[in-house]
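Asker: coords please:
(chains A and B)
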Amino acid sequence: MIKVTLKDGVVREYENGVSVLDIAKSLGAGLYKAACLAKINGENADIRTVLNEDCEVSILTFDDDDAKKTFNHTCSHVLAQAVKRLYPSTKLAIGPAVDGGFYYDFDSEINFTPEILEKIEAEMKKIVKEALPLERFELEPAEAIALMQERGEIYKVELIKEHSDKGEKISFYRQGEFEELCAGPHIPDTGRIKAFKLTSCTGAYWRGDSKNKMLQRIYGTAFTKASDLEAHLNALEEAKKRDHNKLGRDLELFTTVDYIGQGLPIMLPKGARIIQLLQRFVEDEEQRRGWLLTKTPLMAKSDLYKISGHWDHYKDGMFVLGDEEKDDEVFALRPMTCPFQYQAYLNRARSYRDLPMRLNETSTLFRNEASGEMHGLIRVRQFTISEGHLMCTPEQLEDEFRGCLELTTFMLKTLGLYEDVSYRFSQWDPEDTEKYIGTPEQWDEAQSVMKTILDDLGINYKIGIGEAAFYGPKLDIQIKNVHGKEDTLITIQIDQMLAEKFGMEYVDKDGSKKNPYIIHRTSIGCYERTLALLIEKYAGAFPVWLSPEQVRITPIADRHHDAAYELKNKLQAAGIERVEVDTRSEKLGYKLREAQLEKVPYVLVIGDKEAEEGTVSVRKRSFGDQGSFSIDEFIAMIKKDIETKAIW
RNA sequence: GCUGCUAUGGCGCAGUCGGUAGCGCGCAUCCUUGGUAAGGAUGAGGUCACCGGUUCAAAUCCGGUUAGCAGCUCCA
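Answerer: Below is the predicted model:
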């Protein structure tokens, strides 16, 4: 007998050799049916794992994230099995669970169109109905390779070969006639997958390497209940409605034109206004915090980029003007601001008394992104960033880095995005000798300084190896868009390489010349991307201080137009800038509906009563009719929203 | 850049087997002058993304280009 400690601390005795699934059965039929995954002494394990000694066991059901992954992973096997049944010549690559579902990569001469996906789904339903148990078995590497080779599974052979030198056996899972190389874990049988859907089919490189063959990736998602699947699909549909790329166009914030080109959005008056408001806010706040504004050229001779190293690293990603072979001078639009802003530092000799020197710029950059990369306002070829470079002594580095981080935190909190971001500490990859400049000692130093700062501040970060810039480590502040895709919103970088390249020095107290540390940072990110995230965050219903139209005055009949314009003047005189009057001869309900759909925060209704009393009837976006207020009361109300940058 | 899908008035869409275009919303004008999410009538608006091919005839079939979408790869 062995002693098994269960989730709630209860200890029970079982026969030696009992499986976790048996334990689940002993605890109740409901748990047995729902069990997806075991946690044995804190480690995830297959639910069929046999126990031979005392241990702690948790039985996890679909509610648990890891168990959900196990469930989805099994569904990916069902998908692979269905594809093999229908299209036997298809070769299998890999099929893991991911957030929100699973995928499987196939190499097939069949093009998996939506119609084919339906057929595959139908076959999957049969497999679920067959309720095939999943069984684990192990083979010696040589046997495993032979088995997969015999079946023509070249991708599996490649994977096994990589594992074979570890001296471990190779594990497989079998369900019916289908056998699949897999480490597991899996749920007990295919019959438990009650609700699933294949959501899309796209291309994906074998092993994520663009030099390799492109395979077909089928995405899907699986649930234990049909209602959960439906809710999930509905949630995805709802998310799509917030998509900045749709909403931003509908609300006339931006547009694109095919003959202008990819990644070159046109900011329409409303979108441009929001960006202007953000920009003024950022520049003022930076000035308050001791940053000095620069304005530097949008292009330079190639010579500049050669000094910085960007020419070697990123020439393909730059818009180069001229021909290196033919022309005496070749220019390039700037893809970053660093070496331009350094010239402000280099303008004269610097002493330690000049440091820290904080330079900021609202900087427009140009990057020739690959054609498939562009996405709405999130990934574009021309963008404007709240860019800054800070030169300081080693002693100042920690405080200054902290100051940069405080600034970004202030910005994120003001915009209401603070709760939505995550932190990534992007480090170099010592193996990658091509990308990174500098010595291991320099990297260790810069990274350890950053680590100390992040740990001191108690920042919860993930490490990204090989994600650093070529000249230094980064703290990347990440955010997910409405589709769950993550992008960098803000970055703060420590650099001790470029100062040397550009001969940037300062005279220290002892008279010796030293290179300053440089912090590269953005305070709010690039305006286009930040706007995109704000559109999605607020579904287009911006806080009053950012709304392109803050107040719409809606006269009830033509005879109220004069009073409406008079009110507009009063509001603007009181400092409320963006006020419109809707004089169309439509019914009140119609005008209110439009104002609501256009997400105008305040609508003021003026009729006989208001015109006579000098009041306004206030309708607040998403709160409805607020009743009657004096004009001064309303001004105080909206001014409070604007001044406090209220979010509602 | 790669794989797949898509492109018809400002927006959302229909258009069968190839026979030179329709609907709804919006827009304009007129009627209506109204009280918190859609009043009515009339009208204007399209080289069917662009270039080329097949055909007596192309929105429709074929090729290319451009742009959009999903994903991969990349992101100083």
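Asker: Could you tell me which residues of the stretch 251-400 of chain A lie near RNA strand B?
Answerer: Selection of the stretch 251-400 of chain A residues close to RNA strand B by CB under 7 Å from any atom of the strand yields A:256, A:258-259, A:261-263, A:310, A:313-314, A:317-318, A:335-336, A:338, A:367-376, A:379. In short, each C-beta sits where N, CA and C put it, glycine included.
Asker: Filter these down to just the buried residues.
Answerer: Among those, those buried by neighbour count (16 or more other CB atoms under 10 Å) are A:256, A:262-263, A:310, A:313-314, A:318, A:335-336, A:338, A:367-368, A:374-376, A:379.
Asker: So which of the residues you listed is the closest to residue A:187?
Answerer: Using CB to CB, residue A:375 comes nearest to residue A:187 of those, at 35.7 Å.
Asker: Residue A:59 and residue A:225, how far apart?
Answerer: In this view, residue A:59 and residue A:225 are 19 Å apart by CB to CB, to the nearest Å.
Asker: More neighbours: these two, which one.
Answerer: residue A:59 (22 against 11; other CB atoms under 10 Å).
Asker: Wait, that one touches residue A:38, no?
Answerer: Yes: between residue A:59 and residue A:38 there is a contact at 6.2 Å, judged by CB atoms under 8 Å.
Asker: hey, what's in contact with both of the two?
Answerer: Applying CB atoms under 8 Å, 6 or more residues apart in numbering, one finds that residue A:59 and residue A:38 are jointly contacted by A:20, A:47.
Asker: got the residues of the stretch 51-200 of chain A near RNA strand B?
Answerer: A:111, A:113, A:200.
Asker: What number of residues are in the vicinity of the last one?
Answerer: Just to be clear, that refers to residue A:200. 12.
Asker: right, and it touches residue A:236 too?
Answerer: No: the criterion here is CB under 8 Å, and residue A:200 misses it with residue A:236 at 10.9 Å.
Asker: got a list of what the residue lying closest to residue A:463 once chain neighbours are set aside touches?
Answerer: Once flanking residues are discounted, residue A:463 sits nearest to residue A:425: 5.1 Å by CB to CB, 6 or more residues apart in numbering. By CB under 8 Å, 6+ apart, the residues touching residue A:425 are A:450-451, A:454, A:461-464, A:473-476.
Asker: Could you do residue A:517 as well?
Answerer: Neighbour list for residue A:517: A:391-394, A:396-397, A:494-496, A:499 [criterion: CB under 8 Å, 6+ apart].
Asker: Distance check, residue A:267 against residue A:326.
Answerer: Distance, residue A:267 to residue A:326, by CB to CB: 36 Å.
Asker: And for residue A:299?
Answerer: Separation of residue A:299 from residue A:326 (CB to CB): 18 Å.
Asker: which of these two has more neighbours?
Answerer: Neighbours per residue (other CB under 10 Å) separate residue A:299 from residue A:326, with residue A:299 holding more: 15 against 7.
Asker: Might you list the low-confidence residue ranges for chain A?
Answerer: Within chain A, no stretch falls below the threshold (pLDDT under 70).
Asker: correct me, but residue A:173 touches residue A:134?
Answerer: Yes: the pair residue A:173 / residue A:134 is scored as a contact, 5.2 Å apart, by CB under 8 Å.
Asker: between these two, who's got more neighbours?
Answerer: The residue with more neighbours, out of residue A:173 and residue A:134, is residue A:134; 24 against 21, by other CB under 10 Å.
Asker: Helix or strand: which one has the more buried one?
Answerer: Per DSSP states H and E: residue A:134 is located in strand A:134-139.
Asker: Which of the residues in that strand are classified as buried?
Answerer: Quick answer for strand A:134-139 (16+ other CB under 10 Å): A:134, A:136, A:139.
Asker: ok, now stretch A:219-233?
Answerer: Neighbour-count burial for stretch A:219-233 flags A:219-224, A:229, A:232 (criterion: 16+ other CB under 10 Å).
Asker: before we move on, back to that, just the ones of the residues of the stretch 251-400 of chain A next to RNA strand B in strands?
Answerer: Of these, none are assigned to strands by DSSP state E.
Asker: mind listing which of these are in helices?
Answerer: Residues of these located in helices (DSSP state H): A:310, A:313-314, A:338.
Asker: which one of the residues you listed is nearest RNA strand B?
Answerer: residue A:314 (3.4 Å; CB to the nearest atom of the strand).
Asker: who's in contact with that closest one?
Answerer: Counting by CB under 8 Å, 6+ apart, residue A:314 touches residue A:335.
Asker: what's the burial count for the residue nearest to residue A:568 when sequence neighbours are not counted?
Answerer: Once flanking residues are discounted, residue A:568 sits nearest to residue A:579: 4.8 Å by CB to CB, 6+ apart. Residues near residue A:579, counting by other CB under 10 Å, number 21.
Asker: does residue A:491 count as helix, strand or coil?
Answerer: At residue A:491, secondary structure determined by DSSP: H, G, I helix; E, B strand; the rest coil is strand.
Asker: got a list of what the residue positioned nearest the centre of chain A touches?
Answerer: Geometric centre of chain A, nearest residue: residue A:486, 1.6 Å, by CA atoms, centre = their mean. The contact partners of residue A:486, taken as CB under 8 Å, 6+ apart, are A:422, A:478-480.
Asker: which of those residues are buried?
Answerer: In the contacts of residue A:486, the ones that pass as buried (16+ other CB under 10 Å) are A:478-480.
Asker: how far away is residue A:436 from residue A:313?
Answerer: Distance, residue A:436 to residue A:313, by CB to CB: 10 Å.
Asker: For these two, list the residues in contact with both.
Answerer: With CB under 8 Å, 6+ apart, residue A:436 and residue A:313 have common neighbours residue A:470.
Asker: in the stretch 51-200 of chain A, what residue is nearest RNA strand B?
Answerer: The minimum distance from the stretch 51-200 of chain A to RNA strand B, using CB to the nearest atom of the strand, falls at residue A:200 (4.5 Å).
Asker: which is the next helix or strand following the strand or helix carrying that residue?
Answerer: Using DSSP H and E, residue A:200 maps to strand A:195-205. Later in the chain than strand A:195-205, the nearest helix or strand by DSSP H and E is strand A:214-223.
Asker: domain assignment for chain A?
Answerer: If you go by automatic domain parsing, the domain ranges for chain A are A:2-61, A:66-241, A:277-538, A:544-644.
Asker: State the distance spanning the first to the last residue of the longest one.
Answerer: Translated: domain A:277-538. Distance between the two ends of domain A:277-538: 17 Å, counting by CA to CA, to the nearest Å.
Asker: Then the shortest one?
Answerer: The distance separating the two terminal residues of domain A:2-61, taken as CA to CA, comes to 24 Å.
Asker: Give the closest residue to residue A:31 in space, chain neighbours not counted.
Answerer: Counting by CB to CB, 6+ apart, the nearest residue to residue A:31 once its immediate chain neighbours are dropped is residue A:24, at 4.9 Å.
Asker: Tell me the spacing between the one you found and RNA strand B.
Answerer: Distance, residue A:24 to RNA strand B, using CB to the nearest atom of the strand, to the nearest Å: 35 Å.
Asker: re the thing from before, let me know the angle separating the strand holding residue A:200 from strand A:214-223.
Answerer: 160 degrees (axes from the mean of the first three to the mean of the last three CA atoms, to 10 degrees).
Asker: List of residues touching strand A:195-205?
Answerer: With CB under 8 Å, 6+ apart as the test, strand A:195-205 has contacts from A:75, A:78-79, A:101, A:103, A:105, A:112-114, A:117, A:120-121, A:124, A:128, A:211-226, A:228-229, A:233.
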